[in-house]
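> Give me a model of this one.
(one chain, ligands or ions: 2)
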Amino acid sequence: MRTLGIETSCDETAVAILDEAGRLEVHLLASQVDAHREFGGVVPELASREHLVALPPLVDRALQKASGPVEAVAVTGGPGLVGALLVGLRFAAAFAWSRSLPLLVVDHLAGHLVSPFLDLDGGSARPMPSPTLALVASGGHSAWYVVDEEGRSRRLCRTRDDAAGETFDKVAQALGLPYPGGPVVDRLATTGDRAAVELPRARIDDAPLDMSFSGLKAAAIRHVRSVGLGPVNEAAAGPVVRDLLASFQEAVVDQLLAPADALVTAHHPRLLTASGGVAANSRLRERLAELGGRHAVEVLLPPPALTTDNAAMIARAGQLAMARGERHDPRRVDAWTREVWHPPGMRRRLEAAGPGNMPGRAADAPNAPRGPGNGEAG
Ligand code: KG4
Ligand code: ZN
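Ligands and ions are numbered 1, 2, ... in the order given. Okay, the predicted model is just below:
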């Protein structure tokens, strides 16, 4: 079915239309980065208001450019900023209701997970081999998942504190570099010495696969202050800044990839993927290629334009959910702000409590929409 995708979970208003084979017919984005830049991060209220203004004309433009009538609507329900999510969710629900179209409320992370399978050059979406081992690293999330051919996923490990993208943004902010920090750190790090500054790589005793970035972030910011660096202008950044950022970026990539060997050995994936804004990072992409080479597993990365938030991935995740038989009642959908995840014990208790407590599929997310009784943790 030709699917309209809507994404408003954070600071990008995004609309896309995919045909039934997952080909991108339309892919539009209204970025709010400029509106938030002077605050050094995303301001939730401002994000909601910007979405309200940007979304209706963007949908109009998308419908005009589509090759035919839209037959289904997919929208991000969470996790994200609640006000921002509600703008997209209510719009999508009203749109689907008024045209009697099926509505799919999609988890933002399930969207990132399918982004590597999309083609920006007009090809159909690639099939997903099972099992796929997938890293999602963005401004709000860093976790590894195992994904099957129908797009069902299970989280294997995650960060216990900050997300990788947030770590890039905070260290860049400490240097006075513009928001978002990831792309500028990536550019400056390419000419720095990765071994110049020693930075910690903490592991967690009781969860050896989980990741941690807060100690690393604090150490990098302490270094900025003790050396008296900043405010830095990108064009004029000298070797001291470049060396620090190269060392910092290497440590972030080390932390993201720390569980990878053990996960590959345990899950024997047919494919390795990475998605989310940080998957645009050049050093991470290089190290993922090395990892795949070492284990003789193919690595598939999204085109850089689809690593950050977009609606094509939401439309595609909606198509896969529809193929699994999911639908949502436009009158009963609601946004959720945190990642949906249940520890194994809680999941068994929900299953025992009956199907009413397990909307959609097993609730170990990210493609399990939230509903009554489907609480959250993690
Ligand atoms: O996926 P995304 O657009 O939004 C969230 O869902 O959070 O990710 C945005 C994050 C920001 O923290 C940004 O600094 C980071 O992705 N990012 C990068 C790069 N490009 C974007 N981090 C490292 N290297 C990059 N090249
Ligand atoms: Zn995202």
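> does residue 158 count as helix, strand or coil?
strand (DSSP: H, G, I helix; E, B strand; the rest coil).
> For beta bridges, what are the partners of it?
Counting by DSSP bridges, residue 158 forms beta bridges with residue 143.
> likewise residue 106?
Where residue 106 sits in a bridge, its partners, by DSSP bridges, are residue 76.
> number of nearby residues for it?
By other C-beta atoms under 10 Å, 31 other residues sit near residue 106. For the C-beta atoms, the positions are set from N, CA and C on the backbone; glycine is no exception.
> just residue 201 next, same as before
A count of neighbours around residue 201, defined by other C-beta under 10 Å, yields 15.
> sec struct for it, please.
Using three-state DSSP, the structure places residue 201 in coil.
> Quick check: nearest residue in space to it, chain neighbours excluded?
Distances taken as C-beta to C-beta, 6 or more residues apart in numbering place residue 254 nearest to residue 201, at 5.4 Å, with adjacent residues excluded.
> Whether the helix or strand containing the one you found contacts ligand 1 - can you check?
For residue 254, the enclosing helix or strand under DSSP states H and E is helix 239-257. No. Where contact is defined by C-beta under 6 Å from any ligand atom, no part of helix 239-257 touches ligand 1; the two come within 7.5 Å at best.
> how distant is that helix from the center of its chain?
The gap between the average C-alpha position of helix 239-257 and the chain average comes to 21 Å, counting by C-alpha atoms, centre = their mean, to the nearest Å.
> Moving C-terminal from that helix, which element do we reach first?
Going down the chain from helix 239-257, the next helix or strand is helix 260-267, by DSSP H and E.
> That following helix relative to helix 239-257, how many degrees between them?
When axes from the mean of the first three to the mean of the last three C-alpha atoms, to 10 degrees is applied, the directions of helix 260-267 and helix 239-257 differ by 20 degrees.
> so how far is helix 260-267 off the chain centroid?
Per C-alpha atoms, centre = their mean, the centroid offset for helix 260-267 relative to its chain is 21 Å.
> can you list the residues that contact the helix or strand following that helix?
Helices and strands here follow DSSP H and E; after helix 260-267, the next one along the chain is strand 271-275. Among residues not part of strand 271-275, those counted as contacts by C-beta atoms under 8 Å, 6 or more residues apart in numbering are 112-113, 115-116, 128-129, 132-137, 147, 264, 284-285, 288, 291-292, 295, 297-302, 307, 313.
> just the buried members of these?
The neighbour-count test (16 or more other C-beta atoms under 10 Å) applied to these identifies 112-113, 115-116, 128, 132-137, 147, 264, 284-285, 288, 291-292, 295, 297, 299-302, 307, 313 as buried.
> rewinding a little: so what does the helix holding residue 254 touch, helix or strand wise?
helix 164-174, helix 181-189, helix 214-227, helix 282-295 (3 or more C-beta pairs under 8 Å, 6 or more residues apart in numbering; DSSP states H and E).
> quick one on the thing from earlier: return the distance of the residue nearest to residue 201 relative to residue 247.
Counting by C-beta to C-beta, to the nearest Å, the separation of residue 254 from residue 247 is 11 Å.
> Of these two, give the one with the bigger neighbour count.
Applying other C-beta under 10 Å to residue 254 and residue 247 shows that residue 247 carries more neighbours, namely 20 against 14.
> who's in contact with that one?
Residue 247 makes contact with 192-199 under the criterion C-beta under 8 Å, 6+ apart.
> Give me the buried subset of these.
192, 194, 197, 199.
> secondary structure class for the first one?
Put simply, residue 192 is coil when judged by three-state DSSP.
> which residue packs closest to it, ignoring adjacent ones?
Counting by C-beta to C-beta, 6+ apart, the nearest residue to residue 192 once its immediate chain neighbours are dropped is residue 246, at 2.9 Å.
> How many neighbouring residues does that neighbour have?
By the criterion of other C-beta under 10 Å, residue 246 has 23 neighbours.
> again with residue 7
Here the count is done by other C-beta under 10 Å, and residue 7 has 31 residues near it.
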